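>>> below are the sequence and a predicted model for it; my questions follow.
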Amino acid sequence: MPDDDDGDQTRELRGFWSGNIAFGLVSVPVSLFSASRAGGVSLRMVDEDGTPLQRRYFCSKEERLLESDEIVRGYEVDEDRFVVIEDDELEAISPDKSREIKLENFVGVSDIDPAYFERAYFLVPDEDGSRPYWLLARVMEETGRAGIATFVMRGKEYLVAIIAQHGILRAETLRFHDELRKPEQVGLPGIAKPDSKLVSSILRAMRKLRAKTLDEDSLTDEYSSRLEKLVQGKMRKGKDVVKAPDDIGPSERESAEIIDLMQVLKDRMRGKEKDSSASRTGEGAKTKRSTLDERSKEALYKRARALKIKGRSSMNKQQLIDAIRDEA
Amino acid sequence: MAARAIWKGIIRLGDVKVPVKLYASVEDRSTHFRLLHRKDRVPVRQAMINPETQEVVPYEKVRRAFVTAEGDLVLLNDEELETIEPPSSRTIHILQLLPPRAIDHRWYVRPYFLGPDEGSDGIYAAFIGALQKEGREALTRWVMRKKEYLGSLRLVAGYPMMTVLRHSHQVASTEDLQLPEGPKLASKEIDMARSLMDMLTADFKPSDYRDEYRARVQELIAVKSSGGKVKKIPLRKKPKTDDLQSALEASLRQERKRA
């Protein structure tokens, strides 16, 4: 099912894209994971009693909730006339680019104007202790180079810069050249010759604000701090607080996912020696995993309800899969 | 055609005030799809449901709650949320003037051009002149539509461009990640990878890269819209190389032949 909604509540510890990085004839199987988090402290939608709600798709004609396999992508060609485009059709447009990021061009990282950068993903090697991954990351970091390529992810072509930092490869999507407007396209007027006295007085004011490095404290999200203060005040008074007895803390979920991701990253970077998690990725576990993975979240939820799994209402798909697997 | 300004603000620097207009400098060119119900091809709507009862909860009855670390919910009403909104203002504060690139590109989200407001051409030109002479990038802060923003302000193609920045907790850092020691790499492998990379290195020319997929999605839509069938391109199978060193050798040979 096309999932264009990257909303907080549907986040899962699952790669956005899986495929190969190709460097000459060397191929590195990787998965992409988001390296940025949603803005601010996310608030949860609840009903009047404080029950956490789920976002679902709804057919207004049949007036009922839809399962994810009942939903398709459509393009509006005329008013209310849609052409349905299937996922495999989108992939068939450019099958190679849907599976491979081919690094045929390298540039200096600092040659790329920052206005091009859009979003960063971590590249996690699919194979434990992948030697080509380590090799590519090392040589790119030492030479300060970025690999530039285009590839297709979720029905869209992306220009991407692969950058190595701290031994990790990142895929940073870039805007295409024709997506960045030039001043004349925006309609900015010609600039008159500036008044030199005015320039000097502005320069004097600017000099007072000179600094060598970015004060990262100024990048803190003040809204979130105020929100946390407001919440703490209400908790002290015990006002409007709903205890969630059988629920684990979903607010931790996002940061927990980032920590999980870091752990996955570390594990995959490690060599082949078996650790305690090895049994889960063995062949037997794999078949079970994939059949569960194919089920819709709704189907999983029903199964979780049948198994009376606690905290199921606040679980995302992966958590449901894990909980069902533990129960079975 | 000139773009429409999305907001008006005033840059403040000591006693100096520069009234400006904000213009989007990114143009979205991707093809947008709607999600449809497969059976009747009606666009779907989003609804909030109670997962226990599977009942739709009307939007006027939806509340917001903060989830604590323990999993408790603290309900917040609209009036309470209003009290923590930032006070509205038109001021763009300049916090610091930094050397170019002192703000890492990973903080960058979305760029905007700043143009002069009515009657501010003189001070606007002087501001650009000063920024040019100073040769630095400004860290800015402002409030727009009840939200606080941080930005980087610098000259691009001779005009001020202000880019919205991410907040600190939004960027996941790998700095503190203590990576395990990697597999041993032979110095020959490193040398070959370096040579191959050298051969593939050139200046960055953004106009060399085109979104070909976009046009082909439009073709696909046109063909399907007129009832036609689409031919599928089969996936090319590629030989798998397990031996890193011989793959590097073969790549170098191939690249030398091309050159």
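Nice, thanks for sending it over.
>>> contact partners for the nearest residue to B:Glu134 once chain neighbours are set aside?
Here the nearest residue to B:Glu134 in space, its sequence neighbours aside, is A:Met206; by Cβ to Cβ, 6 or more residues apart in numbering or on different chains that works out to 5.1 Å. Every residue, glycine included, has its C-beta placed from N, CA and C. A:Met206 makes contact with B:Leu13, B:Ile94, B:Leu97, B:Ala130, B:Leu131, B:Glu134, B:Arg136, B:Ala138, according to Cβ atoms under 8 Å, 6 or more residues apart in numbering or on different chains.
>>> can you check my assumption that A:Met206 lies in a strand?
No: with DSSP: H, G, I helix; E, B strand; the rest coil as the criterion, A:Met206 is assigned helix and is not in a strand.
>>> export the contacts of A:Met206 to CSV and append columns for neighbour count, secondary structure and distance to B:Asp40.
CSV is the format used below for the contacts of A:Met206 (neighbours: other Cβ atoms under 10 Å in any protein chain shown; DSSP: H, G, I helix; E, B strand; the rest coil; distance: Cβ to Cβ, whole Å):
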residue, neighbour count, secondary structure, distance to B:Asp40
B:Leu13, 22, strand, 58
B:Ile94, 20, strand, 55
B:Leu97, 22, strand, 58
B:Ala130, 22, helix, 61
B:Leu131, 21, helix, 56
B:Glu134, 18, helix, 61
B:Arg136, 21, coil, 58
B:Ala138, 24, strand, 54
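>>> so what pLDDT did the residue nearest to B:Glu134 get?
Predicted confidence (pLDDT) at A:Met206: the value is 96.
>>> which parts of the chain are strands?
Let's take chain A. Under the criterion DSSP state E, strands of chain A are mapped to A:17-23, A:26-34, A:44-46, A:54-59, A:64-65, A:71-78, A:81-85, A:100-102, A:105-108, A:117-125, A:145-153, A:156-165, A:168-174, A:241-242.
>>> let me rephrase: I mean chain B.
B:7-13, B:16-24, B:34-37, B:45-50, B:55-57, B:63-67, B:73-76, B:91-98, B:108-116, B:137-144, B:147-156, B:159-165.
>>> and the fourth one, what's buried?
Of the residues in strand B:45-50, those scored as buried under the neighbour-count criterion (16 or more other Cβ atoms under 10 Å in any protein chain shown) are B:Ala47, B:Met48, B:Ile49, B:Asn50.
>>> repeat that for the first one.
Neighbour counts over strand B:7-13 (16+ other Cβ under 10 Å) mark B:Gly9, B:Ile10, B:Ile11, B:Arg12, B:Leu13 as buried.
>>> which of these are close to chain A?
The overlap between the buried residues of strand B:7-13 and the neighbourhood of chain A (criterion: Cβ under 8 Å from any Cβ of the partner chain) consists of B:Leu13.
>>> chain A: which of the buried residues of strand B:7-13 is nearest?
Here the nearest of these to chain A, counting by Cβ to the nearest Cβ, is B:Leu13; it sits at 4.3 Å.
>>> how many other residues sit next to the closest residue to the closest one other than its chain neighbours?
In this structure, B:Leu13 finds its nearest non-sequential neighbour in A:Ala205, 4.3 Å apart by Cβ to Cβ, 6+ apart. Neighbour count of A:Ala205, defined by other Cβ atoms under 10 Å in any protein chain shown: 16.
>>> wait, what's in contact with A:Ala205?
When contacts are counted by Cβ under 8 Å, 6+ apart, A:Ala205 touches B:Leu13, B:Gly14, B:Asp15, B:Val16.
>>> and the last one, how many neighbours?
Which is B:Val16. Taking other Cβ under 10 Å as the definition, B:Val16 ends up with a neighbour count of 19.
>>> wait, it sits on A:Ser201?
Yes: the pair B:Val16 / A:Ser201 is scored as a contact, 6.5 Å apart, by Cβ atoms under 8 Å.
>>> quick one: stretch B:113-129 to chain centroid distance?
The chain centroid and the centroid of stretch B:113-129 are separated by 27 Å under Cα atoms, centre = their mean, to the nearest Å.
>>> now do the same end-to-end measure for it.
16 Å (Cα to Cα, to the nearest Å).
>>> hmm, that stretch in reach of chain A?
Yes: if you take Cβ under 8 Å from any Cβ as the test, stretch B:113-129 does meet chain A, through B:Phe113, B:Gly115, B:Pro116, B:Asp121, B:Gly122, B:Ile123, B:Tyr124, B:Ala125, B:Ala126, B:Phe127, B:Ile128, B:Gly129.
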